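**Q** one predicted model, sequence on top.
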Amino acid sequence: MWRSFLLAVTLAIPLCAHAAPADAVRIKDLGKIGGWRENALTGYGLVTGLAGTGDSSRNKATRQSIANMLARFDMTIVADDVQSRNVAAVMVTASLPPFARAGDTMDVTITSIGDARSLVGGALILAPLKAADGKIYALAQGPVSVGGYKYDMNGNVVQKNHPTVASIPSGATIEQTVLSDMTNGGKGLTFVLAEPDITTASRVAGAINSQLGAQLAVAQDASGISIRIPEGRQARLNDFLMALENVTVEPDRRAKVVINERTGTIVSGGDVRIARVAISQGDLKVSIMTDNTVSQPYLIGAAGGGVRTAVVSNSQVDVQERNGAGFVAVPGTTVADLVQSLARIKTNTRDIISILRAVKAAGALHAELIVQ
């Protein structure tokens with residue numbers, strides 16, 4: 001019995017020694033390997049099959065495009081003779097993912113560039129997608145998905161969402177394989193943090209060295225960590241990358257308070273500190289009420305020639321001032337404590353935002369204030 005107990009304790013010790021901190025995350029969630037990037041693709045095309053909601057005859061580019069398209073099928077037609085409103089000229093955009101291979105598919109976005117009223121019910125004719133180097137990397141085609149509509153008749157308009165922007169899920173087929181050289185010719189890898197931070201970069205390098213059992217990583221700057229590939233692992237690079245991206249680290253967090261004035265949203269880290277500061281918030285309410293009455297002469301018999309009905313306006317001005325709610329922050333108070341205290345005295349969100357901006361202006365908020 002004691003032997004089984006000692007064996008269980010012995011097996012449990014390494015697990016506890018390598019237990020990750022509560023706030024630890026995988027480094028794959030903090031950034032990416034250098035060289036992993038998406039490439040923007042764009043193209044020009046025509047959406048056909050619209051129910052009279054396409055470009056009007058005033059759009060010469062659309063008429064010329066229709067004539068050019070028909071010329072591919074040995075049909076010669078003058079662009080001025082095209083009078084169809086069932087076609088719309090569009091721009092097609094997509095993002096070519098890293099490690100894309102020929103035959104893979106990706107989503108495309110379609111936007112009208114003419115005076116089309118809606119793209120509902122249309123289908124994109126084969127459109128080549130080019131990158132910045134001018135080469136064709138994908139071909140897009142298929143029925144478009146709008147998610148809205150617009151119908152008008154006799155001056156009456158019924159519209160839902162934005163009907164001149166559409167998408168085609170998996171609507172483009174990749175024609176060229178795009179592979180990235182992550183190892184810089186076998187010299188090593190570079191891990192790039194999504195949010196540059198010197199402390200986090202140093203922690204990532206230390207976590208890689210301690211958890212992979214060798215001095216492989218060195219923090220170059222606030223965003224880049226140089227990683228050496230061990231001998232014998234270059235032939236099985238994917239296995240090394242799997243172990244690398246699952247290394248856990250506790251990142252350092254910068255103190256930030258994000259305010260969205262349009263929606264009245266306040267987001268802050270729970271440990272953002274506020275220095276000693278006194279806050280007094282008042283509320284002044286001014287009400288002006290006007291009571292319009294009619295003065296009607298009431299006499300027995302006929303009134304004189306100069307007597308007539310008059311409208312009399314009586315105005316009342318009422319000023320109400322609520323005593324300001326005071327709050328004194330002592331050392332160690334956080335933004336969360338301040339917001340909770342203001343909420344308890346029924347301070348609305350708009351006033352809380354104004355108070356936080358004033359606290360930042362007073363130099364008592366030790367965090368970056370981001371106003372959206």
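**A** That came in fine, so what should we check first? Worth saying up front: this structure is predicted, and the values here are computed from it rather than measured. Numbers count the residues shown, from 1 in each chain.

**Q** from the middle of its chain, how far away would stretch 38-58 be?
**A** How far stretch 38-58 lies from its chain's middle: 26 Å, per Cα atoms, centre = their mean, to the nearest Å.

**Q** can you pull out the helices in the protein?
**A** Remark: helices assigned in the chain by DSSP state H are 2-17, 60-71, 198-212, 237-245, 335-344, 349-361.

**Q** between those helices, which one is nearest to Ser268?
**A** The minimum distance between Ser268 and those falls on helix 335-344, with 4.3 Å, by Cβ to Cβ. (C-beta placed from N, C-alpha, C; glycine too.)

**Q** what's the angle from that closest one to helix 349-361?
**A** Helix 335-344 and helix 349-361 are oriented at 140 degrees to each other (axes from the mean of the first three to the mean of the last three Cα atoms, to 10 degrees).

**Q** so which of the helices of the chain comes closest to Lys135?
**A** Closest among the helices of the chain, using Cβ to Cβ: helix 60-71, at 21.4 Å.

**Q** so Ser268 sits against Val257, correct?
**A** Yes. Between Ser268 and Val257 there is a contact under Cβ atoms under 8 Å: 4.4 Å.

**Q** shared neighbours of these two, anything?
**A** When Cβ atoms under 8 Å, 6 or more residues apart in numbering defines a contact, the residues bordering Ser268 and Val257 alike are 335, 367.

**Q** below-threshold pLDDT in the stretch 151-300 of the chain: ranges please.
**A** 151-157, 159, 181, 184-186, 270, 281-290, 295-300 (pLDDT under 70).

**Q** mind doing that once more with 90?
**A** Regions of the stretch 151-300 of the chain meeting the criterion pLDDT under 90 cover residues 151-163, 177-190, 194-197, 212-216, 222-224, 227-245, 250-300.

**Q** show me where it has strands.
**A** According to DSSP state E, counting those that start in this stretch, the stretch 151-300 of the chain carries its strands in the segments 156-160, 165-174, 189-193, 217-219, 224-227, 248-249, 256-260, 265-268, 273-274, 277-295.

**Q** quick one: which of these is nearest Lys32?
**A** Closest of those to Lys32 is strand 189-193, at 5.9 Å (criterion: Cβ to Cβ).

**Q** run the angle between the closest one and helix 237-245 for me.
**A** Put simply, strand 189-193 runs at 30 degrees to helix 237-245, going by the same axes, to 10 degrees.
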